[in-house]
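quick one: sequence and predicted model below, then my questions.
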Amino acid sequence: MKRFRWKWLIPIGILLGLFVVDSFGSERDVLADLEIEFVVRDSYANLPVPNAKIEIVAAPGCCGEPVEDGPKKLEVQTSEDGRLSLHCSTKVYIFRSGLGIRKSYFVTLPDWKYDLTAVGYQSNTLNQTDTPQNQFLVKQIDETHCRMIIYLSLRKKPAAETLF
């Protein structure tokens, strides 16, 4: 009769113990600087659209502004290379696992609604920064700095038809 060997249970027990220890972690929230960069391109030629105008309406209480001030309106313009950077303060929730193996973070995005217009292009309206898709665009630089790049495209207006 063969004797049952229990030695293989020791490594499994150690791995299971490490998994349990790692599942307990610490979480905290910090105030961070969020840089939002808009990159505006021509949808057909993929060239920068210079001097595109972005009209932003920020929700009350967004980016550290007092709620009593109401919605904040801002009109900004891209540079010659079709780029524009704006800074905003926001909360970042950081979770570290018990052994430090995993680290994840969640950034509270500002509630901005914006319209995009440029001379010779069709307007691009009803855009919003606080969407689940934009969460994947946020990159954490360090604990107090994050960066998000939003790529926008504009279509040229159709040429006017000539009547004979």
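Arrived safely, thanks for sending.

all contacts plus neighbour counts: C-alpha atoms, from now on.
Will do.

scan the chain for its longest strand.
strand 26-42 (DSSP state E).

Gly13: helix or strand, and which one exactly?
In the assignment (DSSP states H and E), Gly13 maps to helix 9-23.

flag every buried residue along that helix.
Buried residues in helix 9-23, defined by neighbour count with 16 or more other Cα atoms under 10 Å: Asp22.

what is the rounded mean pLDDT of it?
Helix 9-23 shows a mean pLDDT of 78.

over to stretch 42-53?
Averaged across stretch 42-53, the pLDDT comes to 91.

what's across from Ala32 in the sheet?
Taking DSSP bridges, one obtains Thr90 as the residues bridged to Ala32.

ramachandran angles for the nearest residue to Lys72 once chain neighbours are set aside?
Spatial nearest neighbour of Lys72, chain neighbours left out: Ala58 (5.1 Å); criterion: Cα to Cα, 6 or more residues apart in numbering. Backbone torsions for Ala58, taken as degrees, to the nearest 10, come to phi -90, psi 140.

so what's the residue count around Ala58?
Using other Cα atoms under 10 Å, Ala58 is surrounded by 21 other residues.
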